[in-house]
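Asks: With the sequence up front, the predicted model follows.
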Amino acid sequence: MKLATFNINGIKARLDALTAWLAEAAPDVVCLQEIKSVDEAFPRAPLEALGYRVETHGQKSFNGVAILSKLPLSDLRRSLPGDDTDDQARWIEAVVEGGRPLRICGLYLPNGNPAPGPKFDYKLSWMARMEARVREVLAAEEHAVFLGDYNVIPQAEDAARPEAWATDALFLPESRAALRRIVNLGLTDAVRARMPGPGVYTFWDYQAGAWERNNGIRIDHVLLSPQVADRLEEAGVDKALRGTEKPSDHVPVWVRLAA
DNA sequence: ATGGTCGGTCTCCGA
């Protein structure tokens, strides 16, 4: 089974790029972030034509997440527990059926800039809520994957120019510590495990020729529960998409799991 | 060293 995460930065602008990539990469399940669309406006038909079930959690203009799956889904959930007043569309969760049940949690973690400030407070509180949800899922000993745009650079080796990020919410010690608390519950960073060492990036800013200079960061992550980590065969980053026409500023990250 | 780019639209904000 192949699972992927892709921050598409707007479904309307990225539909052709997305369908071309889906046809080529043929993932079984994909979590999308920043669809920037309400559910009613999401272009389901061209994705269904490629064999995918489509579940969205959208909102107007910003954020928005989705799951595309070639396999049946159950137990759909569209919010991260812990704050009923949070109306930002950043979490979608489901169980993939058709074999051994696999819980998929697709997430778009808050950016948090500028820091300090209310947006950074929201990021840290959101991460505390995610930690609580991960605890629950792990306690159930389910096969589970938490994948998406984490907006956290885990370590200095995950940035081409770590010094440029020193005061950024993506790299501040509090953000990195909060991510470590989640990972240390018992998750495996699949890309770290299969593509060790520096120089693996998933995001290059549109500005200042970041792509041409390979000034990237690794912020899109696939974290595996212990049961799924045992099944990890391969992980990859589809870097070439960043060099195509009208690219997203993120590229897909994927894993292949044993059946 | 600095400035610079996208997407969706709220012709500005978020990233």
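Replies: Yes, it's here.
Asks: For residue A:79, list the residues it contacts.
Replies: A:57, A:86, A:91 (Cβ atoms under 8 Å, 6 or more residues apart in numbering). Glycine gets a C-beta too; all of them are placed from N, C-alpha and C.
Asks: Please tell me the pLDDT value assigned to the nearest residue to residue A:232 once chain neighbours are set aside.
Replies: Distances taken as Cβ to Cβ, 6 or more residues apart in numbering put residue A:190 closest to residue A:232, at 5.8 Å, once the chain neighbours are dropped. Listed pLDDT for residue A:190 reads 98.
Asks: got the residues of the stretch 51-200 of chain A near DNA strand B?
Replies: A:60, A:61, A:62, A:63, A:110, A:111, A:113, A:119, A:151 (Cβ under 7 Å from any atom of the strand).
Asks: got the buried residues for stretch A:163-176?
Replies: In terms of neighbour count (16 or more other Cβ atoms under 10 Å), stretch A:163-176 has its buried residues at A:165, A:168, A:169, A:170, A:171, A:172, A:175, A:176.
Asks: how about the fifth one, what does it touch?
Replies: It stands for residue A:171. Neighbour list for residue A:171: A:152, A:153, A:159, A:162, A:165 [criterion: Cβ under 8 Å, 6+ apart].
Asks: State the distance from it to DNA strand B.
Replies: Per Cβ to the nearest atom of the strand, to the nearest Å, residue A:171 is found 14 Å from DNA strand B.
Asks: The first one now?
Replies: Relative to DNA strand B, residue A:165 is positioned 13 Å away (criterion: Cβ to the nearest atom of the strand).
Asks: quick one: that residue and residue A:155 touch, right?
Replies: No - counting by Cβ atoms under 8 Å, residue A:155 is not a contact partner of residue A:165; they are 11.3 Å apart.
Asks: Which of the contacts of residue A:79 fall in strands?
Replies: A:57, A:91 (DSSP state E).
Asks: Pick the one among the contacts of residue A:79 closest to DNA strand B.
Replies: residue A:86 (13.1 Å; Cβ to the nearest atom of the strand).
Asks: my guess is the closest one meets residue A:80, correct?
Replies: Yes - counting by Cβ under 8 Å, residue A:86 touches residue A:80, with 7.4 Å between them.
Asks: residues touching whatever residue of the stretch 51-200 of chain A ends up closest to DNA strand B, list them.
Replies: Nearest to DNA strand B, among the residues of the stretch 51-200 of chain A, is residue A:61, at 3.6 Å (Cβ to the nearest atom of the strand). By Cβ under 8 Å, 6+ apart, the residues touching residue A:61 are residue A:36.
Asks: three-state assignment of residue A:227?
Replies: helix (DSSP: H, G, I helix; E, B strand; the rest coil).
Asks: So it sits against residue A:142, correct?
Replies: Yes - at 7.5 Å, residue A:227 counts as touching residue A:142 under the criterion of Cβ under 8 Å.
Asks: In contact with the residue nearest the centre of chain A, which residues?
Replies: Here the mean C-alpha position of chain A is nearest to the C-alpha of residue A:148 (Cα atoms, centre = their mean), at a distance of 0.8 Å. By Cβ under 8 Å, 6+ apart, residue A:148 lies in contact with A:5, A:7, A:31, A:33, A:65, A:105, A:106, A:107, A:108, A:109, A:220, A:221.
Asks: For the closest residue to it other than its chain neighbours, give the beta-bridge partners.
Replies: Of all residues beyond its chain neighbours, the one nearest residue A:148 is residue A:107 (3.8 Å), with distances taken as Cβ to Cβ, 6+ apart. Beta-bridge pairing for residue A:107 (DSSP bridges): residue A:91, residue A:148.
Asks: Helices of chain A, residue ranges please.
Replies: A:11-25, A:44-48, A:118-139, A:173-183, A:190-194, A:226-229 (DSSP state H).
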